[in-house]
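Asks: What shape does this take:
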Amino acid sequence: MSKSHRSKHSGSSRGRGSSGSQAAARVSFLFVVNKLLIGEPELDDYHHYIPPRSPAGYSGELPSKVMRYSDGDVSEAWGYHWYRDGQSPTNGTFPPGQLLRLDQEGNFIPDPATGYYACANEYTTFAVAACNPLLPIMVVDHDPLVSQKSWDLLRIFHPRDYRGLSQVVTLDSPMGEGGAPVRYVAGKSPSWVPGLLPRTYRSPHLHSPDSTGLGGELPIILGLMALTPEQNHDDNEPTNQLFLGRNGWRRNEWRGGNDAPKGYPGTAQDDPCAFLVKVFIDPDNPGCTAEHLKWVEWNSVLVRESSRSH
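Replies: Numbering: from 1, shown residues only. Got it, this is the predicted structure:
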């Protein structure tokens, strides 16, 4: 498509960073990747199961460990605890969760300024779902346990200033200059297809540039990663092992394997597999602000191309 695109949110708090000096700061953030427990999936117009729009369609979540990304390395973030008050919906919704800080004894740290507990500031939230082999990836830019909103198909933005870079987005993402978002990647032969995205997202153009990597919305990328291992019904340990045990994402290289993801539902009759991903500002790295994370999302490569054979 030749139509030029500029997001209506380009001037919002999550707009693109503009300073070249952003690249010099140490990049770190905290995150959780919680498996959503679907009680009653919905049906689309073709009778495929899709994630519920209403919080009442969920029975809760299986939290991951709290993790920290720091300049390409992922480790467990000691001293933090994901907390949501209640594991069943009240009046049809779940309460919002928080990332609380812990002292050395594992107790919540009081915050005198608020009269509550000290917590990390949330940067952004998405949920990511694989529905069945016949459907594309679906995403929503909020916590589905808290409020109602329709899920949408994952889109890919091709930024004009970064040839060959694919940025995962929704229509409301703070994209820069380029064509309208599409449902295929920007470059040919990306090393992370089909590892992170199904083959149906390959570029249809014979003369596409070489792929230069994957960027865009951080939580979507983390959610795509969480969908790759075979899932357990009763815990979220495959997610912990992916990031912390197997180092599936290390030095911005995808090392979780390049076979088709094993976490997708096997048939159209299976419930969707969905994850809630929340990214938080790292209180231990005050130099990495929300503005800097915006710059990283929209001006850098989060999953670089790899020549490794998996």
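
Asks: Other residues contacting stretch 183-203?
Replies: Under the criterion Cβ atoms under 8 Å, 6 or more residues apart in numbering, residues 136-137, 153-156, 158, 163-166, 204-205, 208-214, 221, 224-225, 228, 254, 256-261, 303, 305-308, 310 lie in contact with stretch 183-203. Quick note: C-beta positions are derived from backbone N, CA and C, even for glycine.

Asks: typo on my end, stretch 248-267
Replies: Residues outside stretch 248-267 that contact it (Cβ under 8 Å, 6+ apart): 49, 72-74, 130-133, 191-192, 194-196, 198-199, 225-231, 238, 242-243, 246-247, 271-273, 301-304, 306, 308, 310.

Asks: for the record, mean pLDDT for the biggest strand by length in the chain?
Replies: Using DSSP state E to define each element, the chain has its longest strand at strand 28-38. Across strand 28-38, pLDDT averages out at 98.

Asks: Distance check, Arg126 against Gly263.
Replies: One correction, residue 126 is Phe, not Arg. Here Phe126 is placed at a distance of 17 Å from Gly263 (Cβ to Cβ, to the nearest Å).

Asks: Where does the residue nearest the centre of the chain sit, in terms of helix or strand?
Replies: Nearest to the mean C-alpha position of the chain, counting by Cα atoms, centre = their mean, stands Pro219 at 2.1 Å. If you go by DSSP states H and E, Pro219 is part of helix 218-226.

Asks: Pro229 now?
Replies: In this assignment (DSSP H and E), Pro229 forms part of neither any helix nor any strand.

Asks: From what I see, it and Pro238 are in contact.
Replies: Yes. Here Pro229 reaches Pro238: they are 4.0 Å apart, a contact under Cβ atoms under 8 Å.

Asks: what residues are up against Pro96?
Replies: For Pro96, the contacting residues are 84, 143, 146, by Cβ under 8 Å, 6+ apart.

Asks: redo that, cut-off 7 Å
Replies: Pro96 makes contact with 143, 146, according to Cβ atoms under 7 Å, 6 or more residues apart in numbering.

Asks: Distance check, it against His142.
Replies: Pro96 is 10 Å from His142, by Cβ to Cβ.

Asks: how near is the nearest residue in space to Ile281 that is not next to it in sequence to Lys65?
Replies: Nearest residue to Ile281, sequence neighbours excluded (Cβ to Cβ, 6 or more residues apart in numbering): Asn121, at 4.6 Å. Applying Cβ to Cβ, the value for Asn121 to Lys65 is 20 Å.

Asks: Mind checking which of these two has more residues around it?
Replies: For Asn121 versus Lys65, the count of surrounding residues by other Cβ atoms under 10 Å is larger for Lys65: 19 against 12.

Asks: check contacts around the more buried one.
Replies: Lys65 makes contacts with 76, 240, 244, as judged by Cβ under 7 Å, 6+ apart.

Asks: go with 6 Å
Replies: By Cβ atoms under 6 Å, 6 or more residues apart in numbering, the contact set of Lys65 is 76, 240.

Asks: Quick one: classify it as helix, strand or coil.
Replies: Look at Lys65: counting by DSSP: H, G, I helix; E, B strand; the rest coil, its state is coil.

Asks: tell me the pLDDT at it?
Replies: 98.

Asks: hang on, the earlier thing: in strands only, show me the contacts of stretch 183-203.
Replies: 153, 155-156, 165-166, 213-214, 254.

Asks: Tabulate the residues you listed (CSV), appending pLDDT.
Replies: Output for those, formatted as CSV (pLDDT from 0 to 100):
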residue, pLDDT
Leu153, 96
Arg155, 98
Ile156, 98
Leu165, 98
Ser166, 99
Gly213, 98
Leu214, 99
Trp254, 97
